[in-house]
Structures are given as structure tokens and as C-alpha cells.
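Peer 1: sequence and computational prediction follow.
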Amino acid sequence: MTVAIDRQPEQDLHQNAQKSVSVTDDLVLDGGFVMPKQAAGDGFVAPEINSFGNTFRDYEAETERQKTVEEFYRLQHTNQTYDFVKRMREEYGKLDKVEMSIWECCELLNDVIDDSDPDLDEPQIEHLLQTAEAIRKDYPDEDWLHLTALIHDLGKVLLHPSFGGLPQWAVVGDTFPLGCAFDEANVHHKYFKENPDFSNPAYNTKFGVYSEGCGLDNTLISWGHDDYMYLVAKENGTTLPSAALFVIRYHSFYPLHRAAAYTHLMSEEDKENLKWLKIFNKYDLYSKSKVRVDVEKVKPYYLSLVEKYFPAKLRW
């Protein structure tokens with residue numbers, strides 16, 4: 001039944017955070033979108049510490065926040081199985097939970113906090129706008145990328161009662177393929193030993209049920225907000241370019257885009273789109289801060305982008 005809602009290695013990582021974005025090849029998207037070879041010299045500068053005073057994505061720091069994060073990954077790694085992901089994609093792929101606009105979904109996120117994130121405990125709407133505004137400053141002509149930043153985490157509404165109130169481990173956190181061995185690049189890898197797939201001979205080899213170069217579209221990635229928002233955008237007929245959909249679907253796939261794990265499963269198209277994801281990731285990760293964004297001031301601009309790339313109401 002449709003319900004209408006009327007109303008959102010670590011040292012290298014640290015060093016790379018201080019560098020300006022630079023790519024060696026021109027990137028061209030569907031429809032002729034072109035990415036400049038290098039960001040402006042006065043572009044976004046990554047901060048050295050997160051809002052808790054720690055380095056970004058530090059999963060070993062001894063803090064109360066880290067205890068919550070580690071417990072999250074214990075549950076996620078234990079419960080995300082190949083069969084579970086298949087069931088979730090089938091159920092939520094129906095898009096029969098709620099009907100609402102992009103901005104209404106943004107507002108729903110006001111009460112959502114991601115327990116898997118060691119860098120942020122602000123409501124998610126803050127993170128969406130921080131990311132989008134940081135990209136907008138550096139790449140003012142790439143409006144598709146601004147909108148991608150705004151909507152990339154909207155799938156976290158799966159935590160909301162309107163969507164069944166899924167547990168955090170089924171919505172957020174780093175993602176990874178199911179149906180093949182769990183690479184050690186996954187954070188808190190030790191907890192996979194409790195996952196039924198870990199000892200299943202059909203799933204615990206390098207390729208598992210897949211083949212080399214099969215393409216990420218032909219794999220099952222752990223269920224969560226990334227894959228869900230990808231389904232929502234695609235099935236509602238968005239006109240965003242394919243690279244935007246790739247960013248939405250795999251932005252939490254940190255073992256791939258930070259540690260180059262699972263590259264044997266990638267197609268040539270995946271490898272091209274990965275360049276865009278790496279650009280996006282800098283802003284997604286390092287724009288998290290206590291700096292507030294004036295929502296009402298920037299809202300008209302983002303509403304214009306929503307109108308350009310999406311229908312007025314979407315099925316969720």
C-alpha cells in the first residue's frame with residue numbers, strides 16, 4: 001500500500017587527504033558531461049581531524065563512539081548474508097512503501113544518526129548539504145554532481161518506521177560483496193567468522209559464484225542505503241548520468257575504492273566510473289564537520305536540480 005507523506009594503510013589516507021583532487025585523464029559522462037582534469041587550486045581542503053578530534057575513519061580509537069561503531073560492525077558482518085541480500089532486494093525493489101519527493105525524503109533524515117560512522121553524530125541532512133556545498137564550490141558547472149551529493153545517503157530512510165524501521169546493520173556501514181570470500185580489507189574483518197557464508201564452500205573462495213570481470217552490477221553487495229537509493233533513482237526514471245548512479249550505489253564500498261579489494265570483479269565500465277567515485281569520496285568523507293549549512297538559503301538551488309533530474313513524486 002502506498003502512503004503519501006506531505007512535508008529529507010591509514011597514514012597514506014591521511015596524506016592523500018591533504019592533496020587537491022587531480023585526475024590524469026579527461027572524464028566524459030553520458031550526454032557530454034566533462035570533468036576538468038584538475039580542481040581549482042583554491043578547492044576544498046580536507047581537515048586533519050573529524051568532529052570528535054580523531055583522524056578520519058579511525059576504527060581503533062578508544063572512544064565511546066568507537067565502541068558503538070565496533071558493535072555495529074559485529075552485527076553487520078554476522079547478519080549480512082547472500083540469502084539476506086536477495087530477500088531485501090526483492091522486497092524493497094517493489095518500491096511500495098511511500099510516495100514522496102526528494103526534498104521530503106531529505107527532511108525525513110533530520111532524526112537519523114548513523115551508528116557506523118566514527119566521524120559524525122549530526123543528523124544526516126547536515127552531512128548531505130555539507131557534501132553537496134563542498135562539491136558545488138569546487139565544481140560549479142557540474143550540477144549533476146551537486147545533486148548526487150545531496151541524495152547519495154537518502155536511502156538511510158530505511159531506518160524510518162515508514163519503511164519498516166530496519167536495524168542499523170541492514171542500512172548503513174561499509175559495503176562488500178556477498179557470494180565470495182570476505183576480503184581482509186573490510187573493517188573489523190574478524191567478525192565475518194560468525195557469518196554463515198564464511199564457511200560455505202560455495203561462497204568462501206576468491207570468485208565464489210562470480211567470474212573475473214563479471215561487473216559489479218552482476219554481484220550482490222551487502223544490503224543498505226546505497227543499493228536502495230540506486231534502485232529508487234533508477235526505477236523512478238532519473239536522468240542523472242550513469243556515473244552518478246555508480247556513485248550512489250557504491251559510495252560505501254570502501255574496500256574497493258580505498259583498498260583496491262575486489263577489483264577482479266570489475267568490468268571496464270566499472271573502472272571508468274570508479275574515477276568519479278574517488279573524486280566524490282573526498283567530499284563525502286572529509287566535508288563532515290560541525291560547520292552548519294543554511295538550509296533555507298541553499299534549498300531553492302537544490303530544488304531546481306531535483307526538478308531537472310527527477311519526477312515531482314517518487315515511489316520508495
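Peer 2: That came through, no problem.
Peer 1: mind listing the helices for this structure?
Peer 2: 10-16, 64-79, 82-92, 102-108, 124-138, 143-151, 225-235, 242-250, 254-257, 268-286, 295-309 (DSSP state H).
Peer 1: now the longest one: mean pLDDT?
Peer 2: When you say that, I think you mean helix 268-286. In this model, helix 268-286 has an average pLDDT of 90.
Peer 1: so which elements touch that helix?
Peer 2: If you count contacts as 3 or more CB pairs under 8 Å, 6 or more residues apart in numbering; DSSP states H and E, helix 268-286 packs onto strand 27-28, helix 124-138, helix 143-151, helix 242-250, helix 254-257. Glycine gets a C-beta too; all of them are placed from N, C-alpha and C.
Peer 1: out of the ones you listed, which is closest to residue 173?
Peer 2: Of all the helices and strands packed on helix 268-286, it is helix 254-257 that lies closest to residue 173, at 9.5 Å by CB to CB.
Peer 1: for that closest one, which outside residues touch it?
Peer 2: Under the criterion CB atoms under 8 Å, 6 or more residues apart in numbering, residues 57, 174-176, 183, 185-187, 250, 261-263, 266, 274, 277-278, 281 lie in contact with helix 254-257.
Peer 1: any chance of the helices and strands packed on helix 268-286 in TSV, with mean neighbour count and distance to residue 226 too?
Peer 2: Below are the helices and strands packed on helix 268-286 laid out as TSV (neighbours: other CB atoms under 10 Å; distance: least, CB to CB, whole Å):
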stretch	mean neighbour count	distance to residue 226
strand 27-28	14	21
helix 124-138	23	14
helix 143-151	24	11
helix 242-250	23	5
helix 254-257	21	11
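Peer 1: tabulate the ones you listed in TSV, adding columns for distance to residue 314.
Peer 2: Formatted as TSV, those follow (distance: least, CB to CB, whole Å):
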stretch	distance to residue 314
strand 27-28	28
helix 124-138	16
helix 143-151	10
helix 242-250	14
helix 254-257	27
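Peer 1: to residue 70, which of those lies closest?
Peer 2: helix 254-257 (15.7 Å).
Peer 1: neighbours of the closest residue in space to residue 229 that isn't next to it in sequence, how many?
Peer 2: Nearest non-adjacent residue to residue 229, counting by CB to CB, 6 or more residues apart in numbering: residue 155, 3.5 Å away. Using other CB atoms under 10 Å, residue 155 is surrounded by 28 other residues.
Peer 1: give me the beta-bridge partners of residue 315?
Peer 2: Per DSSP bridges, the residues bridged to residue 315 are residue 99.
Peer 1: can you count the residues close to it?
Peer 2: For residue 315, using other CB under 10 Å, the count is 15.
Peer 1: need the contact list for it.
Peer 2: Contact analysis of residue 315 by CB under 8 Å, 6+ apart lists 2, 95, 96, 99, 232, 235, 236.
Peer 1: same thing but at 10 Å, please
Peer 2: Going by CB atoms under 10 Å, 6 or more residues apart in numbering, residue 315 touches 2, 94, 95, 96, 97, 98, 99, 100, 232, 235, 236.
Peer 1: how near is residue 303 to residue 309?
Peer 2: From residue 303 across to residue 309, the span is 11 Å (CB to CB, to the nearest Å).
Peer 1: quick one on the thing from earlier: report the buried members of the contacts of residue 315.
Peer 2: Buried residues within the contacts of residue 315, counting neighbours by 16 or more other CB atoms under 10 Å: 95, 97, 98, 100, 232.
Peer 1: just the residues you listed now: which is nearest residue 246?
Peer 2: residue 232 (15.1 Å).
Peer 1: pLDDT below threshold where in the stretch 1-150 of the chain?
Peer 2: 1-65, 113-124 (pLDDT under 70).
Peer 1: roughly how far does the residue located most distally from the centre of the chain sit from residue 180?
Peer 2: Most distant residue from the mean C-alpha position of the chain: residue 201, 29.7 Å away (CA atoms, centre = their mean). Per CB to CB, residue 201 is found 12 Å from residue 180.
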